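> let me see the structure of the following:
(one chain, ligands or ions: 2)
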Amino acid sequence: MTKLGEVLGEKAVVGLQNMTAPRHPGSIAVINYKGGVGKTTISCLLGYYLAEETKKKVLLLDIDPQCSLSLALGFNPDEVSKTELTIFNLVVPDRWTRVTKTDFDKYVFPPKDSLAPKNMGIIRGAFDIDMLDIEIAKTLVKGEQQVEHLHLYCKQMLRHFEDEYEYIIVDCPPNKMFLTQAMLRACAYYIPVTIPDRISVYGMPRLLRWVREIEPSSKPKMLGYVLNALNRSGGHPAGKVISQQAAERRLVRDIAASMDADERSVLKDEPKLGELPRLDVIARFLSEEGYKWSRMEFKKETSMQKTVDQCLVDLAERVIERMEAYRAKA
Ligand SMILES: Nc1ncnc2c1ncn2[C@@H]1O[C@H](COP(=O)(O)OP(=O)(O)OP(=O)(O)O)[C@@H](O)[C@H]1O
Ligand SMILES: [Mg+2]
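Numbering: from 1, shown residues only. Ligands and ions are numbered 1, 2, ... in the order given. Have a look, this model is predicted:
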């Protein structure tokens, strides 16, 4: 038995090392290690719209220790004890020994928000998830390949949901924790989300380099960037304020410089996936307890520009189109 086999059990290690199968074909990591740019808002709303528009099932994964996505879907992480079925208990190292079992389903909950589409599920977040890195770091000191095994385990977990869930959206935290890295590599696609201001787009080249440095077999494909919190300028023909236009130009240049050949051919001249205005009706969605979401609210006209509802329908449609385009190339 190998040294790692003694730790994990030989059968589990062999199972993990043989995991060369493709990734879940509809898995998306929503990323940016800049905080507060709208990753959770976009993860949640994209999930709602994919579920409503396609009528297919959507699974949301909350891997952020802040648990914002779980809160948005009506859960109170304070009331969830350490032993319950959360992302923490799903990915702690002693679970990796049981990779052949398919009891992942127990971890999926219907949203508590009664207004959320019914064809959705969530794997709830846990405040303790940042402890996972400490556990992994301890074993790294001993020379184990835990990081790689965490990645293979995550990939296996996402693949398990392939038959039931057409789309999986992983709401990543604003950090590069081992779990964030593992999930990013386990997903087939990623969406960088940013606010178009100078400070927010400043870190984008580093974020893109981080993805580019992933080995080709595990590198997710970019579906395009999402611009969030646009300040609309009713009088301007482009509908955006000048400072945000400048930030977007810089963003487009950075993204264009980092695309691989497949991404260039699928995203062509439009690396943008979608955009959302900065509006109270969107802020309330995450921030207001008991807020009653409705598409009617999102359909209200503002500044004679695209409604929030139309922005989200377009975003979901583009996700579907681009996934199909990548699949056609494969
Ligand atoms: N388009 C928008 N218009 C108005 N408010 C918004 C918009 N997008 C996000 N917000 C608000 O901005 C705050 C941050 O958004 P969100 O939590 O989605 O960002 P995040 O990138 O997930 O943050 P973190 O990095 O902490 O996980 C929230 O209060 C949210 O309600
Ligand atoms: Mg978030």
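> where do the helices sit along the stretch 201-330 of the chain?
204-212, 242-258, 261-267, 280-287, 295-298, 308-329 (DSSP state H, counting those that start in this stretch).
> counting by contacts, list what the longest one packs against.
This points to helix 308-329. Here helix 308-329 touches helix 39-54, strand 189-194, helix 261-267, strand 272-277, helix 295-298, going by 3 or more CB pairs under 8 Å, 6 or more residues apart in numbering; DSSP states H and E. Where you see a C-beta, it was placed from the backbone N, CA and C, and this is true even at glycine.
> now the stretch 51-200 of the chain against ligand 2: closest residue?
Here the stretch 51-200 of the chain gets closest to ligand 2 at one residue, Ser68, 4.6 Å apart by CB to the ion.
> look at that residue and say how many residues are nearby.
21 (other CB atoms under 10 Å).
> same deal with Asp64?
Neighbours of Asp64 using other CB under 10 Å come to 27.
> and the pLDDT at the closest residue to it other than its chain neighbours?
Leaving aside its chain neighbours, Asp64 sits nearest to Pro173 (3.7 Å; criterion: CB to CB, 6 or more residues apart in numbering). As predicted, Pro173 sits at a pLDDT of 96.
> looking at the helices and strands packed on helix 308-329, which is nearest to ligand 2?
helix 39-54 (3.3 Å).
> mean confidence score for the helix or strand following that closest one?
For helix 39-54, the following helix or strand on the C-terminal side (DSSP states H and E) is strand 58-62. Mean per-residue pLDDT for strand 58-62: 98.
> counting contacts, what elements does the helix or strand that comes right after strand 58-62 pack onto?
Per DSSP H and E, strand 58-62 leads on to helix 68-72 as the next helix or strand towards the C-terminus. Helices and strands touching helix 68-72, by 3+ CB pairs under 8 Å, 6+ apart, are helix 39-54, strand 58-62, helix 280-287.
> what angle sits between the shortest one and helix 39-54?
Looking back up the chat, that one is strand 58-62. Put simply, strand 58-62 runs at 170 degrees to helix 39-54, going by axes from the mean of the first three to the mean of the last three CA atoms, to 10 degrees.
> close to ligand 2, is strand 58-62?
No: Strand 58-62 stays clear of ligand 2 (CB under 5 Å from the ion), getting no nearer than 8.8 Å.
> about what we covered before: could you export the helices and strands packed on helix 68-72 as CSV, including mean neighbour count and distance to Arg198?
Output for those, formatted as CSV (neighbours: other CB atoms under 10 Å; distance: least, CB to CB, whole Å):
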stretch, mean neighbour count, distance to Arg198
helix 39-54, 24, 19
strand 58-62, 28, 30
helix 280-287, 15, 22
